[in-house]
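Undergrad: A structural model of the following input is requested.
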Amino acid sequence: MHGADDDRARALRRVKWAATLLLVGTAALFGLARWLEPTHWAWGYVAAFAAAATVGGLADWYAVVALFRRPLGLAIPHTAIIPRNHERIAENLGSFIETNFLAPEAVEKKLGEVDFAGQMADWLSDPARSAALAGFVAELLPQTLAAIDHSGLRRFMGERVRAELARIELAPLAAGLLSAVTESGRHQRLLNELLGALDKLLTNQEALDSLREKIRRELPALFNLYRADAYLLRKIVASTTSFVHEARTQADHPLRREFDNFVKGFIDRLRSSADYARRAEALKQDLLARPEVTALADGAWDNMRAFIERDAAGDDSQIRRQLETLLVNVGRQLARDAAMRAEINRGMVRLLGDFVQKQKGGVGRFIADQVRGWDIDMLIGRIELTVGRDLQYIRFNGALIGGLAGLALYALEQAAKAWL
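TA: As a prediction, this is how the structure comes out:
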């Protein structure tokens, strides 16, 4: 024992000596009063008080000692209560803490007093702390990627991704994507791009020369003598250019309406046609089975890992800087958003509350095992140091209350004698 324990031990010893001296004093006073009782009637009252005080002090001494050990070493029943009930105390203490201290209402109330989100926001809003956290994460990234490479996790993840892709029904997915495109009218932008490409093609001299050569080969030789190929090419180009210009400039052009109908019909067929579904499924399976897809995924992983390793090793890491900025912004945004903080706090209370409820049985058993494993003498010593002085004052109170009770009874006895 050191410090405060030494002081408590000295104080306990002083109180024990005082209580014992009081017991000895009341016994001596009783003997003296009995000896002097014939000399004056008042000594009878003193003797009655001293006798009852001695009995009360002895009874409370017995009660206090019986808590921790056997009085005078005698094997009296129901003594040494704490040592004999060591096992039961351990079980009851563990059960009491599990039932009362870890009750759902008590735990949720205590957790509700903690502003988890506020503390998180304050912590992240500090640039120095966010920088330290970002640096820690950046240092862990290369090690994490290396661990993934050396374990079977990379292969497992690749297999799971391919398995999930294989489960996707491609035709309905494509129909949904195209529907989203058509609802915003973006398919008309695609038509504009196609018309623009066709317009550029019609002004490309090499393309025109190639087209004229094809026309020349298809025409009879007589027509070529009159340069009919050039005439036809001019007519085709002029008509096509005019048609393209009209289609590009007129929102209600028949070509645009026809394109709308084509896209909508294609979407409907993707949704409902079993033939389209089979074709899309065959295409998907063929793509997933090709080694190029696996090589592409592996190459993307290797490139990403190489970039992260190079960046993390540099003094001016982009990842670290961006992560630091992100963390600071998250902290500041969280500090401004009271509703989000309240939602996070409610989530933390539910999460930690559920965790405590799932683990409280283990906590109760842990406490019971710890108390059960304590040395009983050490346990008694700790209890005596903690509450021993108060227990010794029970002896003072017992002597006083007993003496007063004895005095009252003796007075009633004398009154009854005088009355009779």
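Undergrad: Spell out the secondary structure type for Thr79.
TA: Under DSSP: H, G, I helix; E, B strand; the rest coil, Thr79 falls in the coil class.
Undergrad: Tell me if I'm right that it and Arg69 touch.
TA: Yes: counting by C-beta atoms under 8 Å, Thr79 touches Arg69, with 7.5 Å between them. All C-beta spots, glycine's among them, are computed from the backbone N, C-alpha and C.
Undergrad: Between the two, point out the one with more neighbours.
TA: When Thr79 is set against Arg69 and neighbours are counted by other C-beta atoms under 10 Å, the residue ahead is Thr79, at 19 against 15.
Undergrad: Number of residues surrounding the nearest residue to that one once chain neighbours are set aside?
TA: The spatial neighbour of Thr79 that comes closest, neighbours along the chain excluded (C-beta to C-beta, 6 or more residues apart in numbering), is Ala66 at 4.1 Å. Burial of Ala66 is recorded as 17 neighbouring residues (other C-beta under 10 Å).
Undergrad: pLDDT averaged over the host helix or strand of Ala66 - what is it?
TA: Counting by DSSP states H and E, the element that carries Ala66 is helix 42-68. Confidence for helix 42-68, expressed as mean pLDDT, is 86.
Undergrad: do stretch 291-302 as well
TA: In this model, stretch 291-302 has a mean pLDDT of 69.
Undergrad: in stretch 277-296, what's buried?
TA: Of the residues in stretch 277-296, those buried under the neighbour-count criterion (16 or more other C-beta atoms under 10 Å) are Ala277, Ala280, Lys284.
Undergrad: got the CA coordinates for it in PDB?
TA: Coordinates of each C-alpha in stretch 277-296 appear next as PDB, following Å, rounded to 0.1, in the frame of the first residue of the first chain:
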ATOM      1  CA  ALA A 277     -31.800 -10.900 -75.100                       C
ATOM      2  CA  ARG A 278     -30.100 -14.100 -76.400                       C
ATOM      3  CA  ARG A 279     -27.800 -12.000 -78.700                       C
ATOM      4  CA  ALA A 280     -26.900  -9.600 -75.900                       C
ATOM      5  CA  GLU A 281     -26.200 -12.500 -73.500                       C
ATOM      6  CA  ALA A 282     -24.000 -14.200 -76.100                       C
ATOM      7  CA  LEU A 283     -22.100 -11.000 -76.700                       C
ATOM      8  CA  LYS A 284     -21.600 -10.500 -73.000                       C
ATOM      9  CA  GLN A 285     -20.400 -14.000 -72.400                       C
ATOM     10  CA  ASP A 286     -18.000 -13.800 -75.300                       C
ATOM     11  CA  LEU A 287     -16.500 -10.600 -74.000                       C
ATOM     12  CA  LEU A 288     -16.100 -11.900 -70.500                       C
ATOM     13  CA  ALA A 289     -14.400 -15.100 -71.800                       C
ATOM     14  CA  ARG A 290     -11.900 -13.200 -73.900                       C
ATOM     15  CA  PRO A 291      -8.400 -13.000 -72.400                       C
ATOM     16  CA  GLU A 292      -8.100  -9.400 -73.400                       C
ATOM     17  CA  VAL A 293     -10.700  -8.500 -70.800                       C
ATOM     18  CA  THR A 294      -8.700 -10.200 -68.000                       C
ATOM     19  CA  ALA A 295      -5.500  -8.600 -69.300                       C
ATOM     20  CA  LEU A 296      -7.200  -5.200 -69.300                       C
END
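Undergrad: Sounds good, over and out.
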